[in-house]
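Engineer: Pasting the sequence and the predicted coordinates here, then a few questions.
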Amino acid sequence: MRIGLAGVGRIGAFHAETLKGLDFVDELVLTDANTEAAREVADRLGAEFAPSAEALLDSGVDGFVIAAATPAHAPLLRQGVTAGVPTFCEKPVAATLAETVDLAKLAASSDVPVHVGFQRRFDAGYQRLAQAVQGGELGFIHSIRAATHDQSPPHAAYIPTSGGIFRDCNVHDFDIIRFVTGREVVSVYATGANKGEPFFTEAGDVDTAAALLTLDDDTLVLVSSTRYNGGGHDVRMEAHGSKGAMAVGLDDSLALTSAEEGVTFPPGPRHWSFMERFLPAYRAELTAFAEVAKGDRPTPCTVEDALQAFRIAEACEMSRHEGRAVRLEEIETL
């Protein structure tokens, strides 16, 4: 297959390297608003360079991967769909709720498949947990804990354009909660705080956040996030039910140290970034996109899925600012 990729920043270069190592990719074409960066990555990987997204799409690609900065996602996604090219887009598909709704409408009205990049859906642990929860193995689920704790914060320049910790970080938790449970969120109560660098406060954001979600079957979900988890990159999910409990992320790499005497678990080594933690999931995700592009399977994560996760993030941000519980019916949808 001939795959085009727009955006060669941190995640874009990572995706380009992943794609180059997959058997189904015969030709890889790269572009970026920073043409020098795109040429450098293309030369390093032995890929082609395109001077623009238009040129890339006109070059006869079988699939289009969007990994540019968030403000570029929506226009690039529109270009891909308009060109009739199966498109993969990193989350979020847009920077605002209104634009996400518009893109969901566009995708729903088109036959062009769009796959949104929520890689946790392709992690073996989360897939096993979804099977256990939805198959009744754990009985009725009464509570869930979901955590995304980054070891260190991104660069200060990233935060003002990130959309805030709920839209940028916890949106992965919100999507995987829907995926694992098969349920929808009906209300949220969220808060946040800053103890780290002042640039979070200056951008109107927080470096640590927590939310209580209520699902449509009355399951309670506790969600937490931080940019300062010195112990390592810690992404976990626990499902507690009437017949048992199961966790994702409870393995040798767990970024915790036991206070109990004589306990040596977890032995390590720990993960220090999301790219390290989810490398197998990213490979599986992009392989799935190839199957989508070839028409061998339906889109495993739609723009409407991305919209629903974004709506939860929007509700959490509203709750944090207004200091009240927010029902999802207050948030715009299709």
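Structural biologist: Yep, that arrived.
Engineer: in terms of contact, does Lys243 touch Glu137 like I think?
Structural biologist: Yes - with contacts counted by C-beta atoms under 8 Å, Lys243 reaches Glu137, the gap being 7.2 Å. Bear in mind the C-beta positions are built from the backbone N, C-alpha and C, glycine included.
Engineer: Settle it for me: which of those two has more neighbours?
Structural biologist: Glu137 (15 against 11; other C-beta atoms under 10 Å).
Engineer: I'd say the more buried one and Ala239 touch.
Structural biologist: No - contact status for Glu137 versus Ala239: not in contact, 9.8 Å apart, counting by C-beta under 8 Å.
Engineer: which SSE is Phe64 in?
Structural biologist: Assessed by DSSP states H and E, Phe64 sits inside strand 63-66.
Engineer: what element comes up after that strand heading to the C-terminus?
Structural biologist: Downstream of strand 63-66 (by DSSP H and E), the next one is helix 70-82.
Engineer: Kindly export that following helix (C-alpha atoms) in CSV.
Structural biologist: Taking Å, rounded to 0.1, in the frame of the first residue of the first chain, the C-alpha atoms of helix 70-82 are listed here in CSV:
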residue,chain,number,x,y,z
THR,A,70,-4.3,19.7,16.7
PRO,A,71,-5.4,22.9,14.8
ALA,A,72,-4.6,21.2,11.5
HIS,A,73,-6.6,18.1,12.2
ALA,A,74,-10.0,19.4,11.1
PRO,A,75,-8.9,20.9,7.7
LEU,A,76,-6.8,17.9,6.9
LEU,A,77,-9.6,15.5,7.7
ARG,A,78,-11.9,17.5,5.5
GLN,A,79,-9.3,17.3,2.7
GLY,A,80,-8.9,13.6,3.1
VAL,A,81,-12.7,12.9,3.0
THR,A,82,-13.2,15.3,0.1
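Engineer: Run through the neighbouring helices and strands of it.
Structural biologist: Helices and strands touching helix 70-82, as assessed by 3 or more C-beta pairs under 8 Å, 6 or more residues apart in numbering; DSSP states H and E, comprise helix 53-58, strand 63-66, strand 87-90, helix 97-108, strand 114-117, helix 159-162.
Engineer: Out of those, the one nearest Cys316 is which?
Structural biologist: helix 97-108 (12.4 Å; C-beta to C-beta).
Engineer: Alpha carbons of the closest one, in CSV - could you do that?
Structural biologist: Below are the C-alpha coordinates for helix 97-108, written out as CSV (Å, rounded to 0.1, in the frame of the first residue of the first chain):
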residue,chain,number,x,y,z
LEU,A,97,-16.9,20.8,20.2
ALA,A,98,-18.7,22.6,17.4
GLU,A,99,-16.2,21.6,14.8
THR,A,100,-16.1,18.1,16.1
VAL,A,101,-19.9,17.9,15.7
ASP,A,102,-19.6,19.2,12.1
LEU,A,103,-16.9,16.6,11.3
ALA,A,104,-19.1,13.9,12.7
LYS,A,105,-21.9,15.0,10.4
LEU,A,106,-19.5,15.0,7.5
ALA,A,107,-18.2,11.6,8.2
ALA,A,108,-21.7,10.2,8.7
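Engineer: Distance to Glu332 for the helices and strands packed on helix 70-82 - can I get that in CSV?
Structural biologist: Converted to CSV, those look like this (distance: least, C-beta to C-beta, whole Å):
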stretch, distance to Glu332
helix 53-58, 28
strand 63-66, 23
strand 87-90, 20
helix 97-108, 6
strand 114-117, 18
helix 159-162, 21
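Engineer: Which among those is found nearest to His15?
Structural biologist: Once the helices and strands packed on helix 70-82 are compared by C-beta to C-beta, strand 63-66 is nearest, at 6.1 Å.
Engineer: what mean pLDDT does that closest one have?
Structural biologist: Strand 63-66 comes out with an average pLDDT of 98.
Engineer: circling back: least confident of the helices and strands packed on helix 70-82, on average?
Structural biologist: Among those, helix 159-162 scores lowest, with a mean of 91.
Engineer: What are the buried residues along that helix?
Structural biologist: 159, 162 (16 or more other C-beta atoms under 10 Å).
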